[in-house]
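K.L.:
Quick one: sequence and predicted model below, then my questions.
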Amino acid sequence: MGEQDKGLQLLHGRPLVEHVAQRLRPQVSHLMVSANRHVDQYARFADQVLTDATPDFLGPLAGILEGLYALERQALRHGALLVAPCDSPFVPLDLAERLAQALEVTHAPIAYVCTASPDATAPGTPATPPSSADIPAAGHAHFVFALLRAGLAGDLATQLTQGERRVRAWYARHMAVRVPFADERAFYNVNSLQELYELERPDIER
């Protein structure tokens, strides 16, 4: 993105983060954005903006940790944190519902998305640890689209302190369940200004 703040880049006249927030808002009781710059701008699209506790920019796990801490501060010890990146404007409107169903069925602490063929109808399949063998040939894992039960903050904080930065590797410490979605496009993430330009085509809009 040429050093530009990705979530604030415009798609059809609105920031990417606004597209994501609009699709997530009906699915959650409290909407949070994890951001370490332009906090005032991000605050327009959420109930709360979370910043990393350290200035080291430790990646997605640091943002997830702050989200889990927010659950604890709100005394939502039986709640769950729904996670999605700010650069995926086509987030499914049933993301939370389907991930929550998988957690309920399997009693796992973490559910994450994988894309699969349309005939993959199981609500969730255990995967410990998540590996390439877990993912159907028709798609792949999207680890940052996930639902995490409250109570995981302590373990995640320890892992970050010990130098772990990989979402996938941290999931491997827990029973995680993969939830198949047929629509790969729903999890498309914008990684360049050229890709953003391509999405401006009228036939791409959802």
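P.N.:
That came in fine, so what should we check first?

K.L.:
only C-alpha atoms for contact and neighbour calcs from this point on.
P.N.:
Will do.

K.L.:
For this structure, just list every one of the strands.
P.N.:
Counting by DSSP state E, one finds strands in the chain at the ranges 10-11, 14-15, 32-34, 48-50, 80-83, 110-115, 125-127, 141-149, 176-181.

K.L.:
any chance of those in JSON lines, plus mean pLDDT, distance to Arg25 and mean neighbour count?
P.N.:
Below are the strands of the chain laid out as JSON lines (pLDDT from 0 to 100; distance: least, Cα to Cα, whole Å; neighbours: other Cα atoms under 10 Å):
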{"stretch": "strand 10-11", "mean pLDDT": "93", "distance to Arg25": "18", "mean neighbour count": "18"}
{"stretch": "strand 14-15", "mean pLDDT": "96", "distance to Arg25": "15", "mean neighbour count": "16"}
{"stretch": "strand 32-34", "mean pLDDT": "97", "distance to Arg25": "10", "mean neighbour count": "23"}
{"stretch": "strand 48-50", "mean pLDDT": "96", "distance to Arg25": "13", "mean neighbour count": "18"}
{"stretch": "strand 80-83", "mean pLDDT": "97", "distance to Arg25": "11", "mean neighbour count": "23"}
{"stretch": "strand 110-115", "mean pLDDT": "96", "distance to Arg25": "19", "mean neighbour count": "26"}
{"stretch": "strand 125-127", "mean pLDDT": "48", "distance to Arg25": "27", "mean neighbour count": "19"}
{"stretch": "strand 141-149", "mean pLDDT": "97", "distance to Arg25": "15", "mean neighbour count": "21"}
{"stretch": "strand 176-181", "mean pLDDT": "95", "distance to Arg25": "20", "mean neighbour count": "27"}
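
K.L.:
mind checking which of those strands is nearest Ala169?
P.N.:
Among the strands of the chain, the nearest to Ala169 by Cα to Cα is strand 141-149 (10.3 Å).

K.L.:
okay, now Lys6: neighbour count?
P.N.:
Close neighbours of Lys6, defined as other Cα atoms under 10 Å, add up to 18.

K.L.:
Also Gln41?
P.N.:
Around Gln41 there are 11 residues (other Cα under 10 Å).

K.L.:
Give me the distance between it and Val33.
P.N.:
11 Å (Cα to Cα, to the nearest Å).

K.L.:
Can you check the pLDDT for Glu18?
P.N.:
pLDDT recorded at Glu18 is 97.

K.L.:
please begin residue numbering at 58 from this point
P.N.:
Okay, using 58 as the starting number, the last item reads as Glu75.

K.L.:
My guess is it contacts Phe102. True?
P.N.:
Yes: at 6.1 Å, Glu75 and Phe102 qualify as touching, with contact defined as Cα atoms under 8 Å.

K.L.:
how about the nearest residue to the residue nearest the centre of the chain, chain neighbours excluded?
P.N.:
The centroid of the chain falls nearest to Ala141 when counting by Cα atoms, centre = their mean (2.4 Å). Of all residues not flanking Ala141 in the chain, Phe202 sits nearest, at 4.7 Å (Cα to Cα, 6 or more residues apart in numbering).

K.L.:
Between Glu75 and Phe102, which contacts overlap?
P.N.:
Common contacts of Glu75 and Phe102 (Cα atoms under 8 Å, 6 or more residues apart in numbering): none found.
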